[in-house]
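Visitor: what follows is a predicted protein model with its sequence.
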Amino acid sequence: MRNPGVTAFPVWRLQLRKALRKRRLLGWNFLVPVVLLLPVALSAAAAPHRSVVYSLFVVFFGTFGSCIPLVGDRARGWNEKVLLTGYPASRWLAERLAAEAAIDTIQLTPTLLLLLWIGRADPGVYGLAMLAVGLALLAANAIGSVIAALVDSVAEAALVCGTAALLVLHLSGVFRVPVTGSWGWRAERMSSFRPLSETMDRMAGVGVRCDIGVGDWLAPLLATAALLALGVSFAPRVASSASRAGLARRPDRPLDPV
Amino acid sequence: MTVRLSVRELTFRYPTGRAALTSCEFDVSLGEVFGVIGPNGSGKSTLLRLLAGTLRPTSGRIEAELDGQQAGAIVAVFDRLPFVDALCGRENVETVLALRGVPRCESRSAAARALAALGLTDRAEDPVSSYSMGMRRRLALAEAFASRPLLFLLDEPTLGLDPEGRTTLTRALREAAAGGATTVLTSNDTDFVSTACDRVLLLHRGETIAQGQPWELVEGLGRPTIIVVELDGGTEGFSQRSGSKLPEGLDLLGFESESLRVASSGGSARLTSLCAWLEAQGQVARAIRVHAPALGDVFLQLTGVGLSAEDEV
């Protein structure tokens, strides 16, 4: 049983508090999506192309936004400091990823509203879009944490995040329509980013290419849960360079019992 | 809740094969402040990281008689001092306490007490981004003391601290030790280690070269304390007429133009009898300098190099 009075989800709270205190960064995170996506939405580009740009942006926002701060915090010793308090590594990363995905979703809300208004999409799409964007950001954050466990520096992180984001979007049917029954089609059905791709199509005015029903959310939800579990399993490697090099013990049990 | 450490045959090699620590052995008793001294690259920080579990030993054991859970029982402060710079000092301490599972009602008072003990009350509400290096060090120590752990692992805790900060740290460590907390710290500051630590271990290139109580190691050198007294009016004339013998434990080494050099076998404790003797001789001391052998001299004698003579390996 939890000790009464103990702060619940301290890492989640810390991430939200940090985001609110860094007002300048918060402002940029609201502004940049608008500045980048508004010209696309207002351009004469074909609706499918606009939709691809929207999806790309969301996935890049999630992977880069998760991976680069994690690598930076590892380099300055913050992640290790959190684990040295005895806080469980998997819980730390799960809370952090969930908080980052929630913050990302809030930061993208004004942009999504603008795109909805410009694309004259059915307002009913908005609720679906928010869910799809939230799910995609959670998955993208999880991918970012896996990448953080594999790379050494921010420069490496940027390169790998870009490549991984393009690859997962390709597997989600963003760039092409796979042949029904093919492995690509199966991958698309299971992808965490499929709902994102479908709803962005509708927001961009592509029309319903493959309408997404309640049952169609199950596989992407499970895929996202699997990605989160994978990301969290890498928590010690995300936390410390010594763990990444296989040189560390479990920080919660450093000593041998007598 | 107590902790007692026993380190046996502890060795750590990097994947390149370079040994950072070789067959290190020591015991730390309950409530003891144990210091590890050595120049840069001698393996001090590696030893602390092995104790904290952020590194895994290549061989050897670190045994702990520990009542209760290990998680949260150990506090480690390493050379890097990461904080959430956007938050204030108090919020940083409270965050660490929240991660350690300290209830909110307790964490606020514990943070305030620790910040006051480290002299940070006036700046507790300022963002950490505005803190100097010394203040960041104090904040890291405040986080450590607020957590009330069983085992403190402190890497170079005096780095960036002013003399007042060192005194505060020494006092806080002694208080924690009196409360049963055990401390292992590394430092190159031999004055601080001599004052704060019950026992010390001297490391050189990853190998233990000596361990014991600081005074015991210094006494083992067999070197006297040198006292240099500058006299008002110089030593001319005085050197000829000072016929009376120096008090017991003091030997006259010689005269210089304005000062005399005396060797004391009883350290600076013989200073009072020297002053009384000078007064009896009708001499007035303008300045007195005491050169006592220190742990740095022990290290120099045992290794042939000074504590700050080596570059990082």
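Guide: Arrived safely, thanks for sending.
Visitor: give me the number of residues near residue 134?
Guide: By default, I'm working from chain A. 19 (other C-beta atoms under 10 Å in any protein chain shown). For glycine as for every other residue, the C-beta is placed from the backbone atoms N, C-alpha and C.
Visitor: oops, I was thinking of chain B
Guide: For B:G134, using other C-beta under 10 Å, the count is 15.
Visitor: got the CA positions of the helix or strand hosting it in CSV?
Guide: B:G134 belongs to helix B:133-146 when assigned by DSSP states H and E. Taking Å, rounded to 0.1, in the frame of the first residue of the first chain, the C-alpha atoms of helix B:133-146 are listed here in CSV:
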residue,chain,number,x,y,z
MET,B,133,29.2,26.9,-8.6
GLY,B,134,29.6,26.9,-4.9
MET,B,135,25.9,27.4,-4.3
ARG,B,136,25.1,24.4,-6.6
ARG,B,137,27.5,22.3,-4.5
ARG,B,138,25.7,23.5,-1.3
LEU,B,139,22.3,22.7,-2.9
ALA,B,140,23.5,19.1,-3.9
LEU,B,141,24.7,18.6,-0.3
ALA,B,142,21.3,20.0,1.0
GLU,B,143,19.5,17.5,-1.1
ALA,B,144,21.7,14.7,0.3
PHE,B,145,21.3,15.8,4.0
ALA,B,146,17.5,16.4,3.6
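Visitor: going along the chain from that helix, find the next helix or strand for me.
Guide: strand B:151-155.
Visitor: sheet partners, orientation included, of that next one?
Guide: Pairing partners of strand B:151-155, with direction, according to DSSP bridges: strand B:74-77 (parallel), strand B:182-187 (parallel).
Visitor: who's in contact with it?
Guide: Residues outside strand B:151-155 that contact it (C-beta atoms under 8 Å, 6 or more residues apart in numbering or on different chains) are B:3, B:5, B:44-45, B:48, B:51-52, B:64, B:73-79, B:141, B:144, B:173, B:176, B:181-186.
Visitor: and the residue of the stretch 1-150 of chain B closest to chain A?
Guide: Using C-beta to the nearest C-beta, the closest approach of the stretch 1-150 of chain B to chain A is made by B:G53 at 2.3 Å.
Visitor: can you report how many residues neighbour B:G233?
Guide: The local packing of B:G233 (other C-beta under 10 Å) involves 11 other residues.
Visitor: who's in contact with it?
Guide: B:G233 touches B:V284, counting by C-beta under 8 Å, 6+ apart.
Visitor: now with 10 Å, please.
Guide: By C-beta atoms under 10 Å, 6 or more residues apart in numbering or on different chains, B:G233 lies in contact with B:E258, B:Q283, B:V284, B:R286.
Visitor: and it, which helix or strand is it part of?
Guide: Counting by DSSP H and E, B:G233 is part of no helix or strand.
Visitor: list only buried entries from the contacts of strand B:151-155.
Guide: Neighbour-count burial (16 or more other C-beta atoms under 10 Å in any protein chain shown) is assigned, among the contacts of strand B:151-155, to B:3, B:5, B:44-45, B:48, B:51-52, B:64, B:73-78, B:141, B:144, B:173, B:176, B:181-186.
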